[in-house]
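J.: below are the sequence and a predicted model for it; my questions follow.
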Amino acid sequence: MLPAGAWWSCGRICLNPVLEVRNLKKVYRGGEGPAVDNVSFSMARGEMIGVIGPSGAGKSTLLRCINRLVTPTAGHIFIEGEEMTGAPAVRVRGLRRRVGMVFQHHNLVARLTVMQNVMHGRLGYMSTLDGILGRYQEADKKQAVEILTQTGLGSFLYHRAGELSGGQRQRVGIVRALMQQPSILLCDEPIASLDPASAQVVMDLIRDVCHRSAIACIVNLHQVDAALRYSDRIIGMYRGGIVFDGPAAELKESVIEKIYNKPIKQLMIGDGIKGGIRDEIREGMHSGIREEPHDGIRDGIKEGLRDGQNG
Amino acid sequence: MNPEDYTIVLPPADVLPSAGTLSPYRQRPRRPGIRVGDAKRDMPVYLFLAALAVLTVVSLGLLDLDLAKLIERLPKLGKVFLDMSRFSTERFSLTLLTLLETIAVAVLALIYGMLAGLVLGALAARNITPWKPLSFILKSLFAFIRAVPTPVWVLLVLASMGFGMAAGIMGLLFHVVGFFGRVFAQIFEEVPSQTIEAVRTGGASRVQVFFGAVLPSSLSGIIAWTALRFETNYVEAAILGMVGAGGVGYTILAAMNSYKLGRAGLAVLIVFVFALAVELLTTYVKRKVKI
């Protein structure tokens, strides 16, 4: 893993950024308050940003604004210097090709083969008729086979996407995004529905892609430990706004508490982060008190019952 | 979602056993104990059943059935069936030929209707239509077309095109398009929005998204409904002969009119056997071939 805060990390000001977001705001019709409010940041080639924050903080909306799946209410988005906001539909199509997206539920066409799904990434570069007839370039197909083989899917080329395991499907989703030859890769909860082993394979793959091909990656994550382990830079969101933007090393417990608006003890995040809690347990064992693992839950229920009776 | 929502707050222990306090909808529970269902949620079902009961009573009253006469005439019905079962092979080749005509009408109306239905269905599906009001307009049109019975459409076509199979195909086509347009639109709407979104993010055009993601995802549904529609088409095409659109229906009608009940009976049997064969075949294919 590359050290956090390496040379390409550029923070809020950045020369020649691959993506620049300026004062972005999105208000959904009928939503309570803005989903994304006055968000600004920029990123360099090959940078990996982990976005953390509670559900509803605006992480997904932020990503969807970047490739215009959601139309922003106000603000500007520049992709390699070209403005995405306000661009006409024809140009949005061209800009979208440069932004790959990986989804929580991989969103493959279950009936089609791995190759067919992966080749969908090329549709943006083809004429409509060629797309309909599936007349893909031989060179593109060769590249698809190559990347699939590299990601360990070489023997699944003609399997239906629906027959694969969750981790394999997610890898197919990533390869599809790579076939776009993107300069930015947006990953929306890519490991939220994967088991720990598949999650690691997928995160390793995203990081490799990001650093080796110099593709800027934004990864929305619920797993704070994964975000810390893989990201060069962390953006913490709370109620639509950025409350933290900096290298992973600077993400202190107090900042995490601010992002999730909860004391750290009530957050189920990796033990490595909750150093304080681990120390407490160790102390308890030294003094001869055996910590029952379920005590915390029981105390919670007792507390809840007490609260209920009082209220 | 507000982060506060994650906090688990259990109700105080003394409220749990008494049911009345937990249900906001019913003040006085008919039976003691904790309710399991939610009366308010089940309301539409009760309303539907009540409406059905009322309609049954009202329509029975309106029909003014003369039961006595019906029972009196039953033996005559039996005699007609008996006569029909004395099969006669008189002009059997004509029966077969007209049956082929009927099948041809059903198949052609199916193919033309399917092609039109795919295009119109795509325009009418709310998730992929280029213009939202178009979806509503088309769906209303489909509903109107299906509300008018097929024989009426055929008579309208007959009036303008004259007798024959072409009129039969045209007349049948109205319903087929109305049916496929509605059904295909619904199948397309069931394609997960995420699948469409994923292909769209690659910069694919609207038409490419349709052919790349929507159509492959809907293929099994399209085939199943087309097979079902063929059976309907065949039966309707047989009936259409009776209003003058040719086919086996006309043969049956002509035989009945000249009291050649044996000939009509055999024709009806052949129509039935073919329908059964089609159904068995589609069921078999559906089971064997995984689409």
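T.: Yep, that arrived.
J.: B:Ile223: which element?
T.: Taking DSSP states H and E as the criterion, B:Ile223 maps to helix B:215-240.
J.: does that helix pack against any helices or strands, and if so which?
T.: Packing contacts for helix B:215-240, counted by 3 or more CB pairs under 8 Å, 6 or more residues apart in numbering or on different chains; DSSP states H and E, involve helix B:92-124, helix B:150-161, helix B:165-189, helix B:248-257, helix B:261-288. (Each C-beta comes from the backbone N, C-alpha and C, glycine too.)
J.: and with 6 Å instead?
T.: Applying 3 or more CB pairs under 6 Å, 6 or more residues apart in numbering or on different chains; DSSP states H and E, we find helix B:215-240 packed against helix B:92-124, helix B:165-189, helix B:248-257, helix B:261-288.
J.: which parts of it are buried?
T.: In terms of neighbour count (16 or more other CB atoms under 10 Å in any protein chain shown), helix B:215-240 has its buried residues at B:215-218, B:221-222, B:225-227, B:229-230, B:232-234, B:236-240.
J.: strands of chain A, start to end?
T.: With DSSP state E, the ranges of strands along chain A come out as A:19-26, A:36-43, A:48-52, A:74-79, A:82-83, A:99-102, A:184-188, A:216-220, A:233-238, A:241-247.
J.: out of the ones you listed, deepest packed?
T.: Mean neighbours per residue, mean count of other CB atoms under 10 Å in any protein chain shown, is largest over these for strand A:99-102, with a mean of 28.
J.: listing partners with orientation, what would you give for it?
T.: Its sheet considered, strand A:99-102 pairs with strand A:184-188 (parallel) by DSSP bridges.
J.: what about the strand it pairs with, average pLDDT?
T.: Average pLDDT, strand A:184-188: 95.
J.: and it with strand A:216-220, angle?
T.: Interaxial angle, strand A:184-188 versus strand A:216-220 (axes from the mean of the first three to the mean of the last three CA atoms, to 10 degrees): 10 degrees.
J.: give me the contact list for strand A:184-188.
T.: Strand A:184-188 is contacted by residues A:19, A:60, A:63, A:99-104, A:177, A:215-220 when judged by CB atoms under 6 Å, 6 or more residues apart in numbering or on different chains.
J.: how about the helices in the stretch 51-200 of chain A?
T.: For the stretch 51-200 of chain A, applying DSSP state H, counting those that start in this stretch gives helices covering A:59-66, A:89-96, A:114-119, A:128-133, A:138-150, A:166-179, A:196-212.
J.: show residues contacting the last one.
T.: Just to be clear, that refers to helix A:196-212. With CB under 6 Å, 6+ apart as the test, helix A:196-212 has contacts from A:46, A:48, A:167, A:170, A:174, A:190-191, A:215, A:217, A:226, A:230.
J.: still on that earlier bit, need the helices of the stretch 51-200 of chain A in JSON lines (columns: mean neighbour count).
T.: Formatted as JSON lines, the helices of the stretch 51-200 of chain A follow (neighbours: other CB atoms under 10 Å in any protein chain shown):
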{"stretch": "helix A:59-66", "mean neighbour count": "24"}
{"stretch": "helix A:89-96", "mean neighbour count": "15"}
{"stretch": "helix A:114-119", "mean neighbour count": "24"}
{"stretch": "helix A:128-133", "mean neighbour count": "16"}
{"stretch": "helix A:138-150", "mean neighbour count": "14"}
{"stretch": "helix A:166-179", "mean neighbour count": "24"}
{"stretch": "helix A:196-212", "mean neighbour count": "18"}
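J.: nearest to B:Val36, out of these?
T.: Among the helices of the stretch 51-200 of chain A, the nearest to B:Val36 by CB to CB is helix A:166-179 (34.9 Å).
J.: residue of the stretch 51-200 of chain A with the smallest distance to chain B?
T.: A:Gly124 (2.4 Å; CB to the nearest CB).
J.: quick one: that residue and B:Arg126, what's the gap?
T.: Computed as CB to CB, to the nearest Å, the A:Gly124 to B:Arg126 distance reads 24 Å.
J.: secondary structure element for whatever residue of chain B ends up closest to chain A?
T.: For chain B and chain A, the shortest gap (CB to the nearest CB) falls at B:Gly203, measuring 2.4 Å. According to DSSP H and E, B:Gly203 maps onto no helix or strand at all.
J.: pull the contacting residues for the nearest residue to it once chain neighbours are set aside.
T.: Counting by CB to CB, 6 or more residues apart in numbering or on different chains, B:Gly203 lies nearest to A:Gly124, which is 2.4 Å off, once chain neighbours are set aside. Applying CB under 6 Å, 6+ apart, we find A:Gly124 in contact with A:97, B:202-204.
J.: just the pLDDT for A:Gly124.
T.: Note on A:Gly124: pLDDT of 90.
J.: point to the residue nearest the middle of chain B.
T.: B:Phe179 (7.1 Å; CA atoms, centre = their mean).
J.: domain assignment for the chain?
T.: Let's take chain A. For chain A, automatic domain parsing gives the domain ranges A:19-262, A:274-311.
J.: ah, no, chain B please
T.: B:9-65, B:89-288.
J.: could the ones you listed be laid out in JSON lines, adding mean pLDDT and distance to A:Ile52?
T.: Output for the domains of chain B, formatted as JSON lines (pLDDT from 0 to 100; distance: least, CB to CB, whole Å):
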{"stretch": "domain B:9-65", "mean pLDDT": "74", "distance to A:Ile52": "26"}
{"stretch": "domain B:89-288", "mean pLDDT": "90", "distance to A:Ile52": "22"}
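J.: so which of those domains gets nearest A:Gly30?
T.: Counting by CB to CB, A:Gly30 lies closest to domain B:89-288 out of these; the figure is 17.2 Å.
J.: the closest one: end-to-end distance?
T.: Terminal residues of domain B:89-288 are spaced 37 Å apart (CA to CA, to the nearest Å).
J.: got it, and stretch A:74-89?
T.: Per CA to CA, stretch A:74-89 runs 18 Å from first to last residue.
J.: say whether chain B is contacted by it.
T.: No. Shown here: stretch A:74-89 not in contact with chain B (CB under 6 Å from any CB of the partner chain), separated by at least 9.6 Å.
J.: tell me which residues are up against that stretch.
T.: The contact list for stretch A:74-89 (CB under 6 Å, 6+ apart) reads A:18, A:20-25, A:66, A:68, A:72, A:95, A:98.
J.: adding distance to B:Leu55 and pLDDT, write these out as CSV.
T.: Formatted as CSV, these follow (distance: CB to CB, whole Å; pLDDT from 0 to 100):
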residue, distance to B:Leu55, pLDDT
A:Val18, 65, 92
A:Glu20, 64, 93
A:Val21, 59, 94
A:Arg22, 62, 93
A:Asn23, 60, 94
A:Leu24, 56, 94
A:Lys25, 53, 93
A:Ile66, 55, 93
A:Arg68, 51, 89
A:Pro72, 52, 92
A:Leu95, 57, 87
A:Arg98, 60, 91
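J.: and of the strands of chain A, who's closest to B:Ala104?
T.: Comparing these by CB to CB, strand A:99-102 comes nearest, at 49.2 Å.
J.: hmm, who's touching the closest one?
T.: With CB under 6 Å, 6+ apart, strand A:99-102 has contacts from A:67, A:173-174, A:177, A:180, A:182, A:184-187, A:190, B:201.
J.: ok, the residues you listed vs B:Ala277, which is closest?
T.: Using CB to CB, A:Gly173 comes nearest to B:Ala277 of those, at 45.0 Å.
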